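Asker: Got a sequence here, can you build the structure:
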Amino acid sequence: MKKELSAIEAKYEAQKIAFGPMFFQSVIALRDLGILEFISSHRKGVSIDTIVEKLDVSEYGINLLIEAAEVIGVLEVEEGKVKITKTGFFLLKDEMTRINVNFMNDVCYMGAKAMTDSIVKGKPEGLKVLGDWPTIYEGLSILPEPAKKSWFDFDHYYSDGAFPEALKIVFRNNPKLIFDIGGNTGKWSFACCEHDPNVNIKILDLPVQLKVAKQNATEKGLLDRIDFHAIDLLNTEQKIPQGADVIWMSQFLDCFSKEEIVQILKNAFQAASAETTLYILEPFFDNQQYPAAQYSLVATSLYFTIMANGNSKMYSIDVMKDLVKTAGFEVVNTYPLIGDSYHSVLECKKRLDV
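Answerer: Residues are numbered from 1 along each chain as shown. As a prediction, the model looks like this:
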């Protein structure tokens with residue numbers, strides 16, 4: 001049971017929200033100016049005078065940022081010495097935190113002010129700060145830096161950790177042909193080719209994404225095993241071809257609204273035979289081991305609103321299972337939190353009663 005806050009505590013929590021953007025950017029400045037790293041390198045602490053002497057930052061700026069960092073628990077000052085806290089250490093050294101911070105700062109921050117307009121219009125109004133596309137997916141391969149690197153670092157971090165265990169699940173029945181739906185840069189397809197020298201892959205994605213995947217496949221010498229099929233899955237006239245042993249969707253369906261997910265899954269249904277297995281890999285926000293993971297996933301839903309497409313989100317596992325059922329599939333196996341990741345796999349088959 002959650003502790004009920006006093007009025008004073010609740011007011012303080014409200015101020016954290018009110019001034020949150022300022023403190024976020026103060027941490028970015030601490031990091032980018034080298035102040036946080038310098039303090040971290042002195043385990044027993046370091047004086048402000050020494051920081052001023054060694055770094056090319058004004059005394060004013062250093063004092064300002066240290067005061068802000070102390071308030072939010074990133075640094076502590078004791079007996080004239082500044083030390084990094086555990087929170088500061090994670091901001092500086094933890095890979096997940098670094099990737100999340102860069103994603104928020106480089107991809108989302110400038111567009112976040114368009115949250116209200118995005119919700120009202122159902123469009124990613126914040127995306128305009130990065131480029132003129134209806135959704136971010138048309139522009140992924142040509143995003144300006146550092147947004148492009150931060151986007152792909154974020155996307156790959158939250159999928160790559162799941163791949164080793166996911167490969168074991170998918171290859172249990174030795175599939176010969178896998179359709180990688182929304183294959184992006186091709187990382188899953190390349191992992192499949194490395195896992196099984198006999199498998200063939202068809203990557204299905206928007207033309208702009210296939211261009212990148214094909215270039216990557218060329219560099220890896222995999223064009224003899226990987227085929228490419230341009231498709232806009234929001235266009236009901238464009239059909240997924242038949243013949244796959246496995247249809248794979250990795251962190252793909254969360255890019256769409258519930259209605260669009262059903263439409264995409266129905267497209268997969270018409271492409272699947274009774275022997276075809278559909279696998280859905282997703283980080284469900286209500287199926288996480290740690291509060292930090294759920295917190296991050298809910299924040300990611302807000303990114304979808306302002307920057308990605310204006311109508312998608314991270315889903316709960318029960319909602320996704322309901323959408324799967326509506327489209328004519330049934331979940332025959334659930335693999336929760338596989339490997340060292342935040343992902344679950346839903347193994348699906350066509351329902352015989354449809």
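
Asker: Contacts only, for the residue nearest the centre of the chain.
Answerer: By C-alpha atoms, centre = their mean, the chain has its centre lying nearest to Asp155, at 4.3 Å. By C-beta atoms under 8 Å, 6 or more residues apart in numbering, the contact list for Asp155 reads 184, 251. All C-beta spots, glycine's among them, are computed from the backbone N, C-alpha and C.

Asker: Doesn't it lie inside a strand?
Answerer: No: counting by DSSP: H, G, I helix; E, B strand; the rest coil, one finds Asp155 to be helix, located in no strand.

Asker: Quick one: residues contacting the closest residue to Asp196 other than its chain neighbours.
Answerer: Closest residue to Asp196 apart from its sequence neighbours, by C-beta to C-beta, 6 or more residues apart in numbering: Phe171 at 5.8 Å. Counting by C-beta under 8 Å, 6+ apart, Phe171 makes contact with 192, 195-196, 199.

Asker: ok, now Leu233?
Answerer: 181-182, 204, 240, 263-264, 267.

Asker: Quickly note the distance from it to Glu53.
Answerer: According to C-beta to C-beta, to the nearest Å, Leu233 stands 58 Å off from Glu53.

Asker: Return the distance of Ala112 relative to Tyr335.
Answerer: Ala112 is 34 Å from Tyr335, by C-beta to C-beta.

Asker: got the contacts of Phe171 as TSV, with distance to Gln15 columns?
Answerer: Formatted as TSV, these follow (distance: C-beta to C-beta, whole Å):
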residue	distance to Gln15
Cys192	50
His195	51
Asp196	55
Val199	55
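
Asker: tally of neighbours for Phe304?
Answerer: Residues contacting Phe304 under the criterion other C-beta atoms under 10 Å number 22.

Asker: what does Gln289 give?
Answerer: 10.

Asker: Next, the contact list for it, please.
Answerer: Taking C-beta under 8 Å, 6+ apart, one finds Leu337 in contact with Gln289.

Asker: all helices in the stretch 201-350 of the chain, in order from the N-terminus.
Answerer: With helices called from DSSP state H, counting those that start in this stretch, the stretch 201-350 of the chain shows them at 207-219, 258-271, 291-303, 317-326.

Asker: and the angle from the shortest one to helix 258-271?
Answerer: Right, the one you point to is helix 317-326. Counting by axes from the mean of the first three to the mean of the last three C-alpha atoms, to 10 degrees, helix 317-326 lies at 50 degrees to helix 258-271.
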